[in-house]
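Novice: Starting from these lines, generate the structure:
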Amino acid sequence: MSLPQRLVIATRASRLALWQAEHVRDRLRTLYPACAVELLTLTTRGDQILDRTLSKVGGKGLFVKELENALLDGRADLAVHCLKDMPVDLQAPFELCAVLDRADPRDAFVSNRHATLADLPAGAVVGTSSLRRESQIRARHPQLVVKPLRGNLDTRLAKLDRGEYDAIVLAAAGLYRLGLADRIRGLLDPADCLPAAGQGALTIEIRDDRDDLRAWLAPLNDAGATSIALAERAVSRRLGGSCQVPLAAYAEIEGDRLNVRALVASPDGTRMLRAERSGPVVQAQALGEAVAAELFDAGAQAILDELLQDAAPE
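Specialist: Now for the predicted structure:
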């Protein structure tokens, strides 16, 4: 199976998405110096709709469709995504063929005047893009006002700097990748704000008939990150994971053991169910499914039914 002379990576146009695609491009150039690796930059519907939360306009798939179209029509060979942005059930003919080594999966507290969420005065406005963060912040800090925050990373920081928010909460990985670690006032402990499934990890999507690409991209795959992804995404899959559901799933490897934690909550944080399970890393997917089953046993279905009734796309 001969290496192609040229590979094209589909990517969103934001600065963070370009960093991610360039990271994969550079690794491929190192692996295959005789192959020309290029980027195809695309604007997705999710990048265009900035006045409404994702839970109201269709969810994670809004950031994926245009890139998948490029894979279908041959303009691109592969697409690079944040794993947390990927729907848990990919439609044929697509597959995720690699999960790269994971960056810090925690959430970051960013503020120009305050050191922690606990330091914010009653009525302070906190911006976040996810129901997952909103529910956990409301549960621990009911005195705060949580408002939606859309846009790319630079746009979100600019809104904070203009005084539209007293603080914002973002994925730490994106700030680190763009050299913005100095904006981080603190990292939220997973015990206080459990991360999203796949947060901090990059993944590569291809068409499922590209056996050649699957083999060439295999060296980019990280076994530990893949096991973690299998467990976390298994939780999300069983619980219908989407932007409409305040759902968190977080796995950690310790030796040959995998610890999986998850929660599902109401957006206001008044109802929150948690589950945890540990077992062999090789049973990653089964562990995730077991954690999801525990959440259902604890009453998750009632929360999900109520959420999905209110979450039809506009």
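Novice: which strands and helices sit next to the helix or strand where residue 236 lies?
Specialist: Here residue 236 is covered by helix 223-238, with elements defined by DSSP states H and E. Helices and strands touching helix 223-238, by 3 or more CB pairs under 8 Å, 6 or more residues apart in numbering; DSSP states H and E, are strand 94-99, strand 247-254, strand 257-265, helix 284-297. Using the backbone N, CA and C atoms, a C-beta is placed for each residue, glycine as well.
Novice: what mean pLDDT does the last one have?
Specialist: Helix 284-297 shows a mean pLDDT of 98 in the predicted model.
Novice: Run the angle between that helix and helix 223-238 for me.
Specialist: Comparing the axes of helix 284-297 and helix 223-238 via axes from the mean of the first three to the mean of the last three CA atoms, to 10 degrees yields an angle of 30 degrees.
Novice: what does the shortest one give?
Specialist: With the same axes, to 10 degrees as the criterion, the two stretches strand 94-99 and helix 223-238 enclose an angle of 140 degrees.
Novice: Verify the stated contact: residue 186 with residue 115.
Specialist: Yes - contact criterion CB atoms under 8 Å: residue 186 and residue 115 qualify, at 6.8 Å.
Novice: of these two, who's got more company?
Specialist: Applying other CB atoms under 10 Å to residue 186 and residue 115 shows that residue 186 carries more neighbours, namely 17 against 12.
Novice: distance of the more buried one from residue 249?
Specialist: 23 Å (CB to CB, to the nearest Å).
Novice: which regions of the stretch 51-200 of the chain lie under the pLDDT threshold?
Specialist: Applying pLDDT under 70 to the stretch 51-200 of the chain picks out residues 51-62.
Novice: repeat that for 80
Specialist: The model of the stretch 51-200 of the chain has pLDDT under 80 over residues 51-63.
Novice: which residue ranges form the helices in it?
Specialist: With DSSP state H, counting those that start in this stretch, the ranges of helices along the stretch 51-200 of the chain come out as 54-57, 65-72, 131-140, 153-161, 172-177.
Novice: who wins for proximity to residue 299 among those helices?
Specialist: helix 131-140 (15.4 Å; CB to CB).
Novice: before we move on, back to that, I'd like the helices of the stretch 51-200 of the chain as a markdown table, with mean neighbour count appended.
Specialist: Formatted as a markdown table, the helices of the stretch 51-200 of the chain follow (neighbours: other CB atoms under 10 Å):
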| stretch | mean neighbour count |
| --- | --- |
| helix 54-57 | 20 |
| helix 65-72 | 18 |
| helix 131-140 | 24 |
| helix 153-161 | 16 |
| helix 172-177 | 21 |
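Novice: so who does residue 245 touch?
Specialist: Residue 245 is in contact with 131, 239, 264, 304, 307, 308, counting by CB atoms under 8 Å, 6 or more residues apart in numbering.
Novice: Which segments of this structure make up each domain?
Specialist: 6-101+200-221, 107-187, 234-309 (automatic domain parsing).
Novice: what about those, which gets the closest to residue 227?
Specialist: The nearest among the domains of the chain, by CB to CB, is domain 234-309 at 4.3 Å.
Novice: Okay, now the closest one: how far is its last residue from its first?
Specialist: 23 Å (CA to CA, to the nearest Å).
Novice: From residue 78, how far off is the residue nearest the centre of the chain?
Specialist: In the chain, the centroid-proximal residue (CA atoms, centre = their mean) is residue 84; its distance is 2.1 Å. Distance from residue 84 to residue 78, counting by CB to CB: 19 Å.
Novice: Return the set of buried residues in stretch 275-288.
Specialist: 275, 277, 279, 281, 283, 284, 285, 287, 288 (16 or more other CB atoms under 10 Å).
Novice: List the single closest residue to the third one in space, sequence neighbours excluded.
Specialist: What that stands for is residue 279. residue 287 (4.9 Å; CB to CB, 6 or more residues apart in numbering).
Novice: what sits against that neighbour?
Specialist: 231, 234, 251, 258, 260, 277, 278, 279.
Novice: Assess the claim that the fifth one and residue 235 are in contact.
Specialist: Yes - with contacts defined as CB under 8 Å, residue 260 counts as touching residue 235 at a distance of 7.0 Å.
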